[in-house]
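Student: Whatever this is, show me its structure:
(chains A and B, ligands or ions: 1)
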Amino acid sequence: MLNELKEVFGARYTDSPFERRFYSRDVAYLPEFLISLLSNPLPDMVFRPLNAEEVSRIIPFATVENLAVTPRAGASTALGNSVPTRGGIVLDLNALKGVVRFSASEEKVRVLPGTTWAELDSYLRPRGYTVCAYPTSAFVATIGGWFSVGGYGIGSIEHGPLVNQVSSLEVVLPSGEIRRLTQESEPPLQWFAGTDGTLGVITELELKVRPVPEAMSHFLLVGKDPAGLIQAAQDCLAGMQGILHNLHYNSKAFNQALKSKGLVGSEPGNYHSLSVDLEGTRTQLDQGEAVLQSIVTRLGLRLLDSETAREEWENRFQSLRVMRVHPCLLGGELLLPLNSLNQYLEQLENLGRRAGVEMLTYGHIVSPDKVLVMSLYPADERRTFRYLCDTSLIMEIYRLGIKLDGVPYLVGFWNTPYVKDIYNSERLAELKRRKTLLDPKGIMNPSKAYRPPLLLRPALFTLGMKTLGMVRQIFTKEANRHEQQ
Amino acid sequence: MSSNKPVFQGLAEEARICASCGSCRPVCPVYTELGWESAAPRGRITLARKIFVDCEEDALSGRYINRALQCTLCSNCREVCPTRIDTRELWLVLRQAIAARGKSPEAFAKLVENILQNKNISAASNASRLDWAEELDDPEIFTTSESAEVGYFVGCLASFYPMVAEIPLSLVRIMDKANIKVTTLGTDEWCCGFPLLGAGYPEETRALAEHNVKRIQEQGIKSLVTGCPSCYHTWKQHYPKVLGKPLEFRVFHATQFLAHLIEDGKLDWSDFEELDEVVTYHDPCDLGRNSGIYDAPREVLKNIPGVTLVEMEHNREHALCCGGGGNVQAVDPGLTAAIADRRIEEAVRTEASILVTACQQCVQVLTEATRRNKAKLRVMDINQLLWMGWE
Ligand SMILES: Cc1cc2nc3c(=O)[nH]c(=O)nc-3n(C[C@H](O)[C@H](O)[C@H](O)COP(=O)(O)OP(=O)(O)OC[C@H]3O[C@@H](n4cnc5c(N)ncnc54)[C@H](O)[C@@H]3O)c2cc1C
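Tutor: Numbering: from 1, shown residues only, chains lettered A, B, ... in the order given. Next up, the predicted model:
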């Protein structure tokens, strides 16, 4: 069977040890020994299919051979989502790229899953259309990849998560069957949203697009503390419906870090900031600006000049430039009630102070009441043991967010210890039922999304992290003592 | 205002800074053709990290070196890198590290040896540098290395490769038309050293730079013009660095020079025969992304009577590479061909009759691709297109 597949795939198949190594990681940097302790990230082979038929030829082979199948697209996630956990097959889906059909009258596009958001948008724009929402990793993130994870990003305030914009999917099920699913089909396409490719491989998506708005305007508000900006965000959400495209918060520490390398100017470099990006007709934008001006005045905030605001918008894909300041960062991302953000930031600062690290935070407001908040702190991956100890803070960030009714964003592999926090018990049971129904042999992206492997089970994991946290405290005390001397 | 400039602080530092986010992947012409993670910029940097941060020398394997050299130095990855890594510099320094360990491929070793010996990239003697000028009414004007305010640095490709010989001829004829007295370095012109940089031997360019600059100064040249974007880039960016001082004369790419001639009304259009051509323009990587010159060629094209410019889907900062850069042709000609085919496909979609560019290497690579694809498209340099109206 493998020989047949090798013949079909030719140069699009590899089992070369050199090549496979590149498929054993994603964005996150983790010591190899740690990954190997918990999983086997090195695939045995990689296929690069060109269409659903080719995918459906691989699945029966995997089933017969009991090989895990890991779909991989942009691999721009950081939780091991698209990294194998028990070797097997990586399906590199990046060659499934391009627009299949675009209908301006229906405002819909059918697209292959390996198309990036930037590619789709540059196809649509010259035709007068644009995507409804996209992740800030748009240059690498694929349509299929974003659908398979959280699906929240820029534009979500108005359009909701990606699943709301998708009207049909073509998937290859673990049975090898190629199915077209809709919101009403059996199973419905929603099953495949945010489930990390554990139920099948998406080979085509149909999604809603929209005409390019007449105009956009950008504003950047700054304040000495986050509370006023959060209030401003809430007021914008209440008073600018229909034109509010993006609301993005940066903590003062994050802005200051950027400023230290000239990556933002002194303003907003010394403040907490909130970007407010509007779109609509010129008249709507004028009205929006007036509303915003009154919010700013009422809350005693400051509005920076339009060029700085525009620059901030243009840098929306560039949050990673903070790595120029700290080449190694650890952190956690939470979906948090917007109401809790202020409290979260206060407690996070305390946590950072106790732990002797500066917490750098930014957040996208993704719905009228939710913010996707990312908190990062510097570490040094070259000092392996210390680095390992530093990872213990991620759990503390999550615990803090969970206490405030937040949930870790995305599951993948590394967040499986938190599945019970992310889903309530009925939801988790339902997800497991679907998995058993569609993938009884458990070959699709195993150890992701539902159940942690033994060493990541909450009790063991928490114990491990607490131990590392305690060792970390010793490091911190030592460092403080040195500093005092 | 904040700084958007790409930065390079050293191989190990930048390899650590790389977030492995993969934004570089879809825009990389090599990854687009090969499709493997190892061929993507982030893949190359991942292993560079192993070698230069984790000091795993074994990772510098033949397979890896092959991947490191399968890069056209087009800088598309630099344009999108959210961590602002000057990736072009990174690839060059990576090649230096490979060379320093004596692990460069045979093809590079030969290239370097040839340049150092012959002072040009061809197998021919440097004495034949001006053979292309034989076609001129008065070829003598260049053989004497006369002094003049304007000097023409012809470049190795234009000097030695008959396929692109029309380009220097057109340029000097246009200059003549504009009553510009121009001289060359004659057979004393040495390779600018660009291929040595691409092969990882920057130190070896010093002698070439010193020689070329000295000759320019001896001839009293005030403005140096070159039709080759790679020579231009080397003169503008590398020479001041390697010589440790700014150049005392101005350096222009031919497109900038032509744009000035047009703007200053130096060209007499009265006997110009309108062309009636729809053209599309291919931005050479070393002229566009690597030197920031996008407008000058477009200005020239817009001013040529009877020429209509239509843009390709990927243009200016986002232009696709032709595949001919980074010495890739020397190590993997098939890859160059595949990349060029994709560019031709895009040019054909514009329905233009002529694909114009401003680089001898692009002309060569794209012409071959047009033939291979039997595309109904003529490829020419901007100088040739302009001269056509007076021919
Ligand atoms: C700088 C930066 C900014 C980011 N911003 C955001 C953001 O705003 N919002 C956000 O949600 N995320 C964000 N992310 C995380 C990530 O980039 C996105 O979630 C992205 O959409 C993932 O897509 P991908 O193509 O990289 O998928 P991958 O990482 O390759 O895969 C993600 C998951 O989907 C599965 N998968 C991929 N394709 C398919 C398919 N066709 N069929 C079945 N399963 C599949 C994989 O197995 C894996 O489980 C960001 C990341 C970075 C580095």
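
Student: buried stuff in stretch A:381-399?
Tutor: By neighbour count with 16 or more other C-beta atoms under 10 Å in any protein chain shown, stretch A:381-399 contains the buried residues A:381, A:387-399. Every C-beta, even on glycine, is put in place using the N, C-alpha and C of the backbone.

Student: out of those, what pair is the most spread apart?
Tutor: Farthest apart among the buried residues of stretch A:381-399 by C-beta to C-beta are A:E381 and A:R399. That separation is 23.4 Å.

Student: how about low-confidence regions in the stretch 151-300 of chain B?
Tutor: For the stretch 151-300 of chain B, no stretch has pLDDT under 70.

Student: Could you check which helix or strand contains the residue of it found nearest chain A?
Tutor: Residue of the stretch 151-300 of chain B nearest chain A, by C-beta to the nearest C-beta: B:T280 (15.3 Å). Assigned by DSSP states H and E, B:T280 falls within strand B:277-281.

Student: about what we covered before: closest to chain B among the buried residues of stretch A:381-399?
Tutor: Distance to chain B, by C-beta to the nearest C-beta, is smallest for A:E381 among the buried residues of stretch A:381-399, at 7.9 Å.

Student: Residues of the stretch 201-350 of chain B that sit close to chain A?
Tutor: Selection of the stretch 201-350 of chain B residues close to chain A by C-beta under 8 Å from any C-beta of the partner chain yields B:E313.

Student: Could you pull up the contacting residues of the residue of the stretch 101-250 of chain B found nearest the ligand?
Tutor: Nearest to the ligand in the stretch 101-250 of chain B, going by C-beta to the nearest ligand atom, is B:Q237, at a distance of 30.0 Å. When contacts are counted by C-beta atoms under 8 Å, 6 or more residues apart in numbering or on different chains, B:Q237 is found next to B:S291.

Student: for B:I115, same thing?
Tutor: Residues near B:I115 by C-beta under 8 Å, 6+ apart: B:121, B:191, B:193, B:195-196, B:204, B:208.

Student: Switch the residues you listed over to CSV; also include neighbour count and secondary structure.
Tutor: Converted to CSV, these look like this (neighbours: other C-beta atoms under 10 Å in any protein chain shown; DSSP: H, G, I helix; E, B strand; the rest coil):
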residue, neighbour count, secondary structure
B:I121, 22, coil
B:C191, 24, coil
B:G193, 25, coil
B:P195, 23, helix
B:L196, 26, helix
B:E204, 16, coil
B:L208, 21, helix
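
Student: Now whichever residue of the stretch 251-391 of chain B sits closest to chain A: closest residue in space that isn't a chain neighbour?
Tutor: Of all residues in the stretch 251-391 of chain B, the one sitting closest to chain A is B:E313 (7.9 Å; C-beta to the nearest C-beta). Closest residue to B:E313 apart from its sequence neighbours, by C-beta to C-beta, 6 or more residues apart in numbering or on different chains: B:E346 at 5.8 Å.

Student: For chain A, which residues are neighbours of the ligand?
Tutor: Residues of chain A found near the ligand, taking C-beta under 6 Å from any ligand atom as the criterion, are A:27, A:70-77, A:81-82, A:93, A:113, A:135-137, A:140-142, A:144-146, A:148-150, A:152-153, A:196-197, A:201-202, A:319-320, A:445, A:448.

Student: Among these, which ones are in helices?
Tutor: By the criterion of DSSP state H, membership of these in helices covers A:144-146, A:148.

Student: Tell me if the residue of the stretch 251-391 of chain B closest to chain A really is in a strand.
Tutor: No. Read with DSSP: H, G, I helix; E, B strand; the rest coil, B:E313 is coil and lies in no strand.

Student: what sits against B:W132?
Tutor: Contacts for B:W132 (C-beta under 8 Å, 6+ apart) come out as B:154, B:158-159, B:162, B:165, B:168-169.

Student: Hmm, the residue nearest to B:E313 is touching B:M312, no?
Tutor: Yes. Contact criterion C-beta atoms under 8 Å: B:E346 and B:M312 qualify, at 4.9 Å.

Student: my read: A:V419 touches A:L428, true?
Tutor: Yes. Counting by C-beta under 8 Å, A:V419 does reach A:L428; the two are 6.2 Å apart.

Student: okay, these two: which has more neighbours?
Tutor: Higher neighbour count among A:V419 and A:L428: A:V419, with 20 against 16, using other C-beta atoms under 10 Å in any protein chain shown.

Student: ok, and for the longest helix anywhere in chain B, which residues are buried?
Tutor: Ordering each helix of chain B by length in residues (DSSP H) puts helix B:333-349 first. Of the residues in helix B:333-349, B:335-344, B:346-348 count as buried by neighbour count, 16+ other C-beta under 10 Å.

Student: The residue nearest to the residue of the stretch 151-300 of chain B closest to chain A when sequence neighbours are not counted: how many residues sit nearby?
Tutor: Excluding its sequence neighbours, the residue lying closest to B:T280 (C-beta to C-beta, 6+ apart) is B:A352, at 4.0 Å. The number of residues packed near B:A352 is 22, by other C-beta under 10 Å.
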